[in-house]
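Sequence plus the predicted model coming up.
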Amino acid sequence: MSNLDAKPKLTVSPGATDAGAGDQVQLLSGRRVLLGESSEVRRLLPNLGRRMVGAWCFLDSYGPDDIEATAGMRVGPHPHCGLQTVSWLLDGEVLHRDSLGSEQVLRPGQLGLMTAGRGISHAEESPPGHPPILHGAQLWVALPDEARFAPPSFEFHPSLPVLEDGALGARVLIGELGGARSPASAFSPLLGADVSLSAEARVELPLEADFEHAVLPMSGTVGVDGLAVSPGVLLYLGPGRTRLSLRADESCRLLLLGGTPFEQRIVMWWNFVARSGEEIAAVREEWMGGGAFGEVHGYDGAPIPAPELPPGTLKARGRS
Ligand code: MN
């Protein structure tokens, strides 16, 4: 998915060492963002209250939307660099095409993981004859310095390990949870899991104590440490926890995200993650000049032009 904000704001993450007072629990509201002409998403990260959770730096959740009478998702070719995109569906289908020549239909339970590294472009759309409902999340992971100029790649994981325990089923997208380890490539300590709870569930999940975490409700209401959260919000949980208590009165589904606080300062603008405003300006020029991000074949539509940079020189702020 592309960040289709007409005027994307420059986002400078302060880095872990000066990340403020470190609230242990934060309830963050999503912001409604219009993508294209009709589809609306809830943007949970970056958020006024918090920019990152571990290396997770961007989080949109969308649907469930009835797209039966529409074309559904149509996001034309656009570039990425310095990040991984995680495409995750609860319902529906999305066709991914990228400049490496990958062409893959993603379905619920299957992971599309694109490591942009130094640069890639892709397009995403609802395939012809798509199912009527579209429901999912698009997440980005910031790459650490040692991986951010690596060659781009696309991984498709049609099945993922599941942690099952009575009322709990947790599919592990990335990282490891309760002994279930995802084969997906990660470049910093990271967790992403799709957790299903059946009615009357009372479960405890083991957590990595040096991770910070966040809970994103996708359907139904989940009780997290006595706090009831529903779709539309992101619940941030600071580091130092070894267990997470979840309860559900009715069945529900949530994404559990985590990672060690990201140590490097990032500059995020439009679809790019970099380390300085100069770097952002350079990759924007590369995209507008064509070539450097490759070409996506097979998508019926034009590449998305980069928005104008905000006025003035984009500068990363000092660490202290
Ligand atoms: Mn994208």
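Right, received. Where do you want to start?

Name all residues that make contact with residue 264.
By CB atoms under 8 Å, 6 or more residues apart in numbering, residue 264 lies in contact with 15, 142, 144, 145, 275. Using the backbone N, CA and C atoms, a C-beta is placed for each residue, glycine as well.

could you dump those to TSV with pLDDT?
TSV is the format used below for the contacts of residue 264 (pLDDT from 0 to 100):
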residue	pLDDT
15	44
142	97
144	98
145	97
275	95
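
Redo these as a markdown table? Include secondary structure, neighbour count and distance to the ion.
What follows is these, written out as a markdown table (DSSP: H, G, I helix; E, B strand; the rest coil; neighbours: other CB atoms under 10 Å; distance: CB to the ion, whole Å):
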| residue | secondary structure | neighbour count | distance to the ion |
| --- | --- | --- | --- |
| 15 | coil | 18 | 25 |
| 142 | strand | 26 | 14 |
| 144 | coil | 15 | 20 |
| 145 | coil | 11 | 22 |
| 275 | coil | 15 | 20 |
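
just checking, residue 42 touches residue 31?
Yes: counting by CB atoms under 8 Å, residue 31 is a contact partner of residue 42 at 7.2 Å.

Those two: which has the busier surroundings?
residue 42 (20 against 13; other CB atoms under 10 Å).

SS state for the more buried one?
The three-state assignment at residue 42 reads strand, by DSSP: H, G, I helix; E, B strand; the rest coil.

centroid residue for this structure?
Nearest to the geometric centre of the chain sits residue 139, at 0.7 Å (CA atoms, centre = their mean).

Give me the distance between residue 181 and the ion.
Using CB to the ion, to the nearest Å, residue 181 is found at 26 Å from the ion.

Next, count neighbours for that residue.
So residue 181, with other CB under 10 Å, has 13 neighbours.

Next: residue 223.
By other CB under 10 Å, neighbour count at residue 223 equals 17.

again, but for residue 294
Residue 294: 18 neighbours (other CB under 10 Å).
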